[in-house]
Structure formats: structure tokens, C-alpha cells
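> Predicted model and sequence below, questions to follow.
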Amino acid sequence: MAHLPILQFEEKIVETVENNPVVVIIGETGSGKSTQLSQILHRRGFTKSGTIAVTQPRRVAAVSVSRRVAQELGVTLGEEVGYAIRFEDRTSEKTVIKYLTDGVLLRESLSNPELNQYSVIILDEAHERSLNTDILLGLMKRLIKLRASNLKVLITSATLDGEKVSRFFSNCPILNVPGKLYPVEILHSSERPKSYIEAALKTAIDIHAREPEGDVLIFMTGQDDIEKMVTKLEERIQNLDEGSCMDAVILPLHGSLPPEMQVRVFSPPPPNCRRFIVATNIAETSLTVDGVVYVIDSGYVKQRQYNPSTGMYSLDVVQISKVQANQRAGRAGRTRPGRCYRLYPSMVYEDDFLDATIPEIQRSSLAGSVLYLKSLDLPDINILKFDFLDPPSFESLEDALKQLYLIDAISEDGSVTSLGRIMAELPLEPSLSRTLLEANDCGCLSQALTVAAMLSAETTLLSGRSKNTEKKRKNPPSDLPDGSGWGDHIQLLQIYEIWHQTDYNINWCKDNNLQVRGMKFVKEVRKQLSQIMQKIAKGSLDVKTSKRQKEGQDYRALRKALCSGYANQLAERMIRHNGYRTLGFKSQVVQVHPSSVLKPDEDGMLPNYVVYHELIATSRPYMCNVCAIEMAWVGPILSKLDELNVSKLSGGTSQSHEQTQVENSNLPKEDSHAPQPSDDHNERILAARERFLARKAKK
DNA sequence: GAGCACTGC
């Protein structure tokens, strides 16, 4: 412990923290900041008036670091030192050092906005700039004013970003704590290769033939490239002259690999054998592989981004940032001096790469975050003026407000409704929270809980694709249900109901190619959601998982509840073919994703109206996870869409509000229309729809 | 009829 560099700085740290409400710590890898900062402050009396909270972006980190600190202090984990992550709180009244994920701290802040139990809050790994960290940074800025006398905030950051964080916090002091990395020699290519797979391959073979022992870590963008790389590397190494170099093991490493394949990188290699680890950016921060001496960096990463003007996500290969490039290089210097081969010229690094990765808050849909901030009831809060370290675009915030308004989470003046307040309590996207509340009113809460939980885990549900077992949810190999033609949400419900009937049998998951880890997660989420719903309704709800019901049920109530939740995610089929047009603020032409189980009728036509969980632009714009709904449910939503006044929602001035009112009055109001008999639903829907389309055409 | 970076409440 005494060898950790950070301990030499104890006096300086304590002095700076005592004299300043906020301090930025630049701590390189191996500085010991994650384990030592909390212990130093505990030693020096900062836990007398409260607990020290240390946030981590990842759950495993919160658990492993707290375990380590408990060990170093010689206490039982969960007593003086503990951790809190989703589904698991290992703290007690005795706890004075608490490690937690930033998401958990945000939840705590919802019920206790001043976070009074904490005397110190350390935001660790803030340079990773997760969505939650960025929101916490904004909240901390307010909180230190509110609790000027009794709260200390420490933020750890990366070299390239520290100044910016300091400026955000009124130029607070920055402390540099050196790390314990060995030097890493950086070699740049003279030019960008035509194919970075080929370039990486050549570099890897060169290392293997000429360089002394030491493992090689190769950064690629995704599963496809990794598989190609692994195959080609195996071929080339076999073709090398027998005995000309040591043995080699080649290991792929990416997120959709089953856990038992992932942990292979942690077992030491046989003697006189070099390992090649071909990885995504999972090896950049999440997993640390020991023994790496050489890093090959393609300079690219796959990034998911949200486009607020279309409501569509895309997954793009983009250049990494300087922070990422340095992080990757650092992976070569953990055990001894290493070397990093960058497959791009130094000019590209200097001139093309951004200093830091675009923060998640500028790449995501913000409906959930905006609802969260609104329900905190901060005084003088105006979401458009909230002080973010890197503010999201106006367009993105406006998109979030529109979504929230359509699902009744905020009222037309932009204030949070009582419904919205309840929705914020649920750890779900607002669309699914709204679905649960509606389902509760329609008597299908139990089914909706299952659907929401299944969707929370969708990506971890299916086992990784493999060449010979092309099993899909789409073509159920055996017992897997097909959603009875109603679509993917219904299928997810049916899958869980069967699993429930098998008494949560793990072998059933394996037989049906469902990831055990994913299904267990679903079960936990469902339990958590049930508990929160029970708390809201004071325990009077039926949340029990139903047995799979008789064939032929039409899931009408559930589909209607989904329609309320997904009010901003409706689509209407176009005439005479199976393409759809979304019914949002900006209409998009989209297709149902080919993996969907939605079934056409006898004439080969898909349902006239559907809701979708997500739009994703890959080779074409697709709707992922769709569910058939009925036209009669669409009308009221379209009316609401029609009457939306965006400037009022975002707290615009009353002047601009009046202008819009005038504009609105040119349109026939529902009431001023020829009076409709209340049972003639369809005609009213059609009228609302026409007005909606006419208005859009005018824009 | 096509394709899945990584986290998290």
C-alpha cells in the first residue's frame, strides 16, 4: 500500500480539500486514487460528520474496489466499508465509506436531493463522461452552493479534460497525482492503411516474429472484424516457419461473447506462448488484461448515436478521441515497459482526433434524464438552461420535452405532472414507465411488468451468433412462442411466461438459446419493478406472473397500454405495401425489422398501425420490436400531437406563446368541428388525423 | 429479409 504514488500527496490533498469545496484530481492509471482517496479523507476526520460516497460508472468496479478497501482497513465488507449497486445494497448504519454506481447516487438524490448523509462525494472516473456522471456534475454544482459549509466534492478526471472541469467549477484547484504505469513507446504509421484489418494483421505477425515475449492486445471495432482477424491471424501464424517463434494463442474478446469465453483472458498462458487478444473497446476500460506488452490500435470505435430530429439511432464506426487513444496505449504499460502501434499517422492524432470522446449526453435520447431533473423540483429550474458541463443541443432537449408531453409526464407548460413524478421513480425509459401505469389502470399490470423487464434486457437475451447454430427468435426452433402474430412485445411476454412455468429452469434457457444471464436479469428487474409499483399503490396490486394463457387471447388491454406509453412511437402502414410512416413530429418512412415476429394477414398485409420500441438506421431505417395496435387508440394521441405548443413546453416567453396561439386558431378546433356523436369514434379520429397531416404538410 | 460498441437505475 505504501508504494502507491497518491500517498505522497496526502498532506497536499487534505489541505486542498479543507480549503476548497471542489477539487479536481488528475490521477493516472495505477495512482491508487480509487482506493486511497476515500481512506485518506477517512483517516483525516472527514467521516465524523457523514459518509464518504465514491461513485463508479460500473457495478463490478464498485464491488471490487470496496472489497479491496475493506480488506486494507481490516473490516468486514458491508460494515464500515460497503457498496450499493442495483439489486444489492451492502451497507449498514456503520458504513462510513460507501462505493456506489452513479446511477444509484442519482436514485438516492431523488428521495433526498441534498444528499445530507454524505460529507464527501467523490465522482470517480468522471472523464468517462457517462450520462449519469454528467447529470451528477450538474447537480453537484448546485449542491455545493446549497451545502457550502458541510460538503466536499472531488472529481477525478483525465489529463486532457481537467482544465475544463475546473473551469466548470469556478476554476477550482487541480491536483495531479502521477500513476504507476511503465513507459509506453508510441509508434505511428506513416499513413492510414487501406484496410486496418490487414495492417493490424501485418503488425501482429511482425511483433510475433521479432519482438521478445509479451502479450498483444489489438483494438478492433466489432464482432465481425474480430472474427475475421482471429481467423486470418491463426492462418498466418500456422504458416510461419516451424520453430521460428514461440507458440501463440488467439483470443477474441467482446461483449456478446458468453461469460465463460470472456474469462479466458484472465487465465495465464502456458509457458513460452504469446497471447493475441483481439478486442473491442471493452478492453479499454471495462476489462483489464494482465501481461499485455504490445497494443495495436486501429484508431476506430463503434458508437451509438441518437438523432433528435428523426428520433433514430445509428451505430457508426468513428475515430477515437485522444483520451481513448492514450487509454488504449496505457494498456501496454501495466506490467513492464511496452509499446503501442497506432495504425494512423501522428498528424491524424494531433489534428483529426477530438481531445475527448463526445459525451453520452450529446448522443442519447434525453427523455428519461429530463423527466428525472424535472421531478427533482429544484428551485428556478429551467431545463433548457440547466448547467451541464457539455450542454446537449436545444433540439435534443426539445425532443425530450415533446416526448414527455405526449405521454402525460409533463403538462403543456412544461411542469412535471403527478403521473410524471411516479414515472420518474421507475428505473425505466419513460415510455415503459407510462405503459406500466396505464396497464395498472387497464388491469394488465402483471403482463406489462414482464414486457418492461424483458425489454430492459433485450440485448443480453439472445446468445451470441455462431455460424452453424443460426437459431433466432424469429424461427423458434422448438418451444419458443411467436407472439401470436401481435408482434415482438407479446412474444417477449410469452417467452417469460413459459420460463416462469418451467420454474425458471436454466436448462430451458439453454435449450432455447436464451442467455441465462439475461433471463436472470429480467427476473430481477421484474421483481424490482413490482416492488416499486407496490410501494406506489401501497401493496394492493396484482403483480404475480400469470401462467401462459389460453391460445387465441388478443392481449388487447396490454397492447392498448403500450399504445399510451409509446405515443411518440406510432407508425401507420402505407397503402398497398408493407412500408410504414411514423406518426411523430417528423414523419419517417421505415420498415419493420426483418427479425420481428409481427405477422401479415391472409392477404400478406401487416397491421395498419403499430408501436415500435426503437428506430435504428442500419442498412435502412428499421423499427425494432413492434406491436400491432388499433386505429381507434391512435386518434386521441394525434389530437394531442396536433395541439402541441413547443415554446410553452420549453418555458418560452408568453409572447411567443401568444403567437402560436394565433397560429393555432387558424386550424379548426376539435370542438368547433361539426359536433360528433360520442360513439362515432372513427370519424373523429379521421378528422384529427387529417388536421394533423394538413398541418404537417403546411410546415 | 438482415446484422448486434459499451455501460447503467
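The structure has been received and is ready for your questions. Numbers count the residues shown, from 1 in each chain, chains lettered A, B, ... in the order given.

> tell me the mean pLDDT for stretch A:211-223?
Mean pLDDT, computed over stretch A:211-223, is 92.

> gap between the two ends of that stretch?
End-to-end distance of stretch A:211-223 (Cα to Cα, to the nearest Å): 28 Å.

> Can you give me the buried ones in that stretch?
A:214-223 (16 or more other Cβ atoms under 10 Å). From N, CA and C alone the C-beta is placed, and that goes for glycine too.

> Equivalent analysis for stretch A:510-529, please.
A:512-515, A:518-519, A:521-526, A:528-529.

> Now residue A:399: which helix or strand?
helix A:394-406 (DSSP states H and E).

> Summarise which helices and strands whichever helix or strand comes after that helix is packed against.
For helix A:394-406, the following helix or strand on the C-terminal side (DSSP H and E) is helix A:418-425. With contacts defined as 3 or more Cβ pairs under 8 Å, 6 or more residues apart in numbering; DSSP states H and E, the packing partners of helix A:418-425 are helix A:367-375, helix A:430-442, helix A:516-536.

> Next, count neighbours for the nearest residue to residue A:129 once chain neighbours are set aside.
For residue A:129, ignoring the flanking residues on the chain, the nearest one in space by Cβ to Cβ, 6 or more residues apart in numbering is residue A:359 at 3.9 Å. Neighbour count of residue A:359, defined by other Cβ atoms under 10 Å: 19.

> Likewise for residue A:195?
Neighbour tally, residue A:195, other Cβ under 10 Å: 9.

> Please apply the same query to the one 10 residues further on.
Burial measure for residue A:205: 19 neighbouring residues, criterion other Cβ under 10 Å.

> So what does it look like in phi/psi?
Dihedral pair for residue A:205: phi -60, psi -40, per degrees, to the nearest 10.

> returning to what we had before: of all the helices and strands packed on helix A:418-425, which one is nearest DNA strand B?
Among the helices and strands packed on helix A:418-425, helix A:367-375 comes nearest to DNA strand B, with 6.9 Å by Cβ to the nearest atom of the strand.

> contacting residues for residue A:453?
A:496, A:522-523, A:525-526, A:529 (Cβ atoms under 8 Å, 6 or more residues apart in numbering).

> That should have said residue A:494, apologies.
Contact analysis of residue A:494 by Cβ under 8 Å, 6+ apart lists A:481-484, A:548.

> so which of those comes closest to DNA strand B?
residue A:482 (12.5 Å).

> With adjacent residues omitted, what lies nearest to that closest one?
Using Cβ to Cβ, 6+ apart and skipping residues adjacent in sequence, the residue nearest residue A:482 is residue A:597, 5.1 Å away.

> For my notes, confirm that neighbour occurs in a helix.
No: under DSSP: H, G, I helix; E, B strand; the rest coil, residue A:597 sits outside any helix and is assigned coil.

> Give the burial count for it, as a bare number.
That count, for residue A:597 with other Cβ under 10 Å as the rule, works out to 26.

> ok, residue A:98 touching residue A:83?
Yes: Residue A:98 lies in contact with residue A:83 (Cβ atoms under 8 Å); the separation is 6.8 Å.

> shared neighbours, the two?
A:66, A:91.

> Only the buried residues of the helix holding residue A:399, if you could.
Here helix A:394-406 shows A:396-406 as buried, counting by 16+ other Cβ under 10 Å.

> okay if I get the helices and strands packed on helix A:418-425 as TSV plus mean pLDDT and distance to residue A:88?
Shown next, in TSV, are those (pLDDT from 0 to 100; distance: least, Cβ to Cβ, whole Å):
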stretch	mean pLDDT	distance to residue A:88
helix A:367-375	93	22
helix A:430-442	93	22
helix A:516-536	91	10
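
> Give the full set of residues in contact with the nearest residue to residue A:544 once chain neighbours are set aside.
When the adjacent residues along the chain are set aside, residue A:544 lies closest to residue A:446, with 6.0 Å between them (Cβ to Cβ, 6+ apart). By Cβ under 8 Å, 6+ apart, residue A:446 lies in contact with A:542-546.

> Just the buried ones among the residues you listed, please.
Buried among the contacts of residue A:446 by 16+ other Cβ under 10 Å: A:543, A:545.

> okay, the residue nearest to residue A:129: pLDDT?
In this prediction residue A:359 is given a pLDDT of 92.

> residue contacts, it?
So residue A:359 contacts A:129, A:131, A:134, A:389-390 (Cβ under 8 Å, 6+ apart).

> can you do 6 Å?
Counting by Cβ atoms under 6 Å, 6 or more residues apart in numbering, residue A:359 touches A:129, A:134, A:390.

> same deal with residue A:481?
Applying Cβ under 6 Å, 6+ apart to residue A:481 gives the contacts A:491, A:494.
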